[in-house]
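Colleague: Got a sequence here, can you model it:
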Amino acid sequence: MDINFLAVGRLKGPEQELCDRYLARIGSMGRSLGIGKCSLDVINEARAGSVSLRKKQESDALLKKITDKSVLVALDENGKSLRSQKFARQIAEFRDRGAPGLVFVLGGPDGHGEGILQRAELTLSLSDMTMPHGLARAVLAEQVYRALTILGNHPYHRD
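Modeller: Numbering: from 1, shown residues only. Take a look at the predicted model:
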């Protein structure tokens, strides 16, 4: 199963460097766990005049990048909050049922359009607190890496 991060908006600087570091770790750790390539794909923020139209345009653009058989996990402030162990089990469940891809989608500043939320198999919240998109991207990448270390019995995660 490949893991892909789809995000709205480009990053620069320390947040991107941190995200890249965890994406590389996911790629290295994942091989022994049945995880193929790990990638990040970014689309530009929509420039429409209304929030609803921006969300729809971004949602449509993101959905075009997701294959039909991939599992979509949408990051959303109203999503489920999972402890690291449960998150690891969820990733293992997606892998074990033969999903060819696992796609984590981070929306733009206005959030996700209905198309993404309806297509998502899991809607996930990283925190009850609001955080900048760059930090959310890095936190998500770290949590996916942490989940893989849990699955691989690596000492990175400590209870």
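Colleague: those strands in this protein, which residues are they?
Modeller: 2-8, 38-43, 71-80, 101-106, 122-124 (DSSP state E).
Colleague: okay if I get the ones you listed as a markdown table plus mean neighbour count, distance to Pro14 and mean pLDDT?
Modeller: In short, each C-beta sits where N, CA and C put it, glycine included. Listed next are those as a markdown table, based on neighbours: other CB atoms under 10 Å; distance: least, CB to CB, whole Å; pLDDT from 0 to 100:
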| stretch | mean neighbour count | distance to Pro14 | mean pLDDT |
| --- | --- | --- | --- |
| strand 2-8 | 22 | 16 | 97 |
| strand 38-43 | 17 | 16 | 94 |
| strand 71-80 | 19 | 20 | 96 |
| strand 101-106 | 23 | 17 | 97 |
| strand 122-124 | 18 | 24 | 98 |
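Colleague: Show me what the spatially most central residue of the chain is bridged to.
Modeller: When CA atoms, centre = their mean is applied to the chain, the residue found nearest the centroid is Phe104 (2.6 Å). On the basis of DSSP bridges, Phe104 is bridged to Phe5, Val73.
Colleague: Please list all residues in contact with it.
Modeller: If a contact means CB atoms under 8 Å, 6 or more residues apart in numbering, then Phe104 has Ile3, Asn4, Phe5, Leu6, Val73, Leu75, Leu124, Leu140, Val144 as its contacts.
Colleague: sorry, back to before: turn the strands of the chain into a markdown table, including distance to Ala92.
Modeller: Output for those, formatted as a markdown table (distance: least, CB to CB, whole Å):
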| stretch | distance to Ala92 |
| --- | --- |
| strand 2-8 | 13 |
| strand 38-43 | 16 |
| strand 71-80 | 12 |
| strand 101-106 | 11 |
| strand 122-124 | 13 |
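Colleague: closest to Ser50 out of these?
Modeller: strand 2-8 (16.2 Å; CB to CB).
Colleague: Against which helices or strands is the closest one packed?
Modeller: With contacts taken as 3 or more CB pairs under 8 Å, 6 or more residues apart in numbering; DSSP states H and E, strand 2-8 sits against helix 14-30, strand 38-43, helix 51-63, strand 101-106, helix 133-151.
Colleague: now it against helix 14-30, angle please.
Modeller: 170 degrees (axes from the mean of the first three to the mean of the last three CA atoms, to 10 degrees).
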